[in-house]
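Participant: need coordinates for the following:
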Amino acid sequence: MFKNTNTAIVLTDPQIEFLKPAGAGFGLTKDVLEKYNTIEHMIELVRQAKEKGYKVFISPHYFYPHDHKWQFGGAGEHMMLEQQMFARNSQYEPVLEGSGADFIEEMKPYLDENTIISSPHKIFGPESNDLALQLRKNGIDTVILGGMNGNLCVDSHMRELIEDGFNVVVATDAIGAPGQEPMDAALTNFGFIADEVLTTEQVLEQL
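Facilitator: This next block holds a predicted model:
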């Protein structure tokens, strides 16, 4: 059984870009989202966790204008930057409502004092943001992980958090991916690397 004193929900990129038709990446993810009921599971996980006193952490993806001046990068980076994904006008201005960088509407009711939004990750993992610091400062040693995309940001967060000494449980149907093959690759890696792999229903039974 999990305890709300040392366990938290961590979601990567619960944003419009891959989760809603207005997002540039939705065409890649929509079939997997529908098959796994990803959004519904993600929100139910957060809703019940909040009711039971668990903190929720969000590791978002944002790109600012200066990020578009990077001199090198991989295929995934180039794709996101070229398509203006997760774009914000400035780090000094609010996220434009309804843009790909905005959180989905279903998530917004849960953005309260017990929701910690880390600084943005820039590639795929949390090495470049303050997620691990925020978790440790809140006494968290066990993470229940969900979000987007399974084979990229979720996988990278899982690996780095494990290397940082956290227990990591992956809620496999609170995750989406840009196609079934990437989803299968993510599920394979979760099985080899995560401390535990559960469905959302199994996680909720232990909260």
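
Participant: for the protein, what spans make up the strands?
Facilitator: 7-12, 55-59, 115-117, 142-147, 167-175, 196-198 (DSSP state E).

Participant: just checking: what are the partner strands of the last one?
Facilitator: To tie it back to what came earlier, the one meant is strand 196-198. Strand pairing for strand 196-198, using DSSP bridges, gives strand 167-175 (parallel).

Participant: average pLDDT across the strand it pairs with?
Facilitator: For strand 167-175, the mean pLDDT works out to 98.

Participant: can you give me the helices in the chain?
Facilitator: Secondary structure of the chain (DSSP state H): helices at 16-19, 26-36, 38-51, 75-82, 131-137, 155-163, 180-193, 200-206.

Participant: tell me which of those lies nearest to Val143.
Facilitator: helix 155-163 (5.7 Å; CB to CB). For glycine as for every other residue, the C-beta is placed from the backbone atoms N, C-alpha and C.

Participant: buried residues in that closest one?
Facilitator: 155-161 (16 or more other CB atoms under 10 Å).

Participant: now stretch 54-68
Facilitator: Within stretch 54-68, the residues scored as buried using 16+ other CB under 10 Å are 54-64, 67.

Participant: what about it, start to end distance?
Facilitator: 37 Å (CA to CA, to the nearest Å).

Participant: how about stretch 44-57?
Facilitator: 15 Å.

Participant: for this protein, which element, helix or strand, carries the lowest mean pLDDT?
Facilitator: helix 75-82 (a mean of 81; mean pLDDT, DSSP states H and E).

Participant: and that helix, what does it pack onto?
Facilitator: Contacting helix 75-82 under the criterion 3 or more CB pairs under 8 Å, 6 or more residues apart in numbering; DSSP states H and E is no other helix or strand.

Participant: please save the CA atoms from it in PDB.
Facilitator: These are the backbone C-alpha positions of helix 75-82, laid out as PDB (Å, rounded to 0.1, in the frame of the first residue of the first chain):
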ATOM      1  CA  ALA A  75      15.400  14.200 -34.500                       C
ATOM      2  CA  GLY A  76      12.800  14.600 -31.800                       C
ATOM      3  CA  GLU A  77      14.100  18.000 -30.800                       C
ATOM      4  CA  HIS A  78      14.100  19.200 -34.400                       C
ATOM      5  CA  MET A  79      10.600  17.900 -34.900                       C
ATOM      6  CA  MET A  80       9.200  19.700 -31.900                       C
ATOM      7  CA  LEU A  81      11.000  23.000 -32.600                       C
ATOM      8  CA  GLU A  82      10.200  23.000 -36.300                       C
END
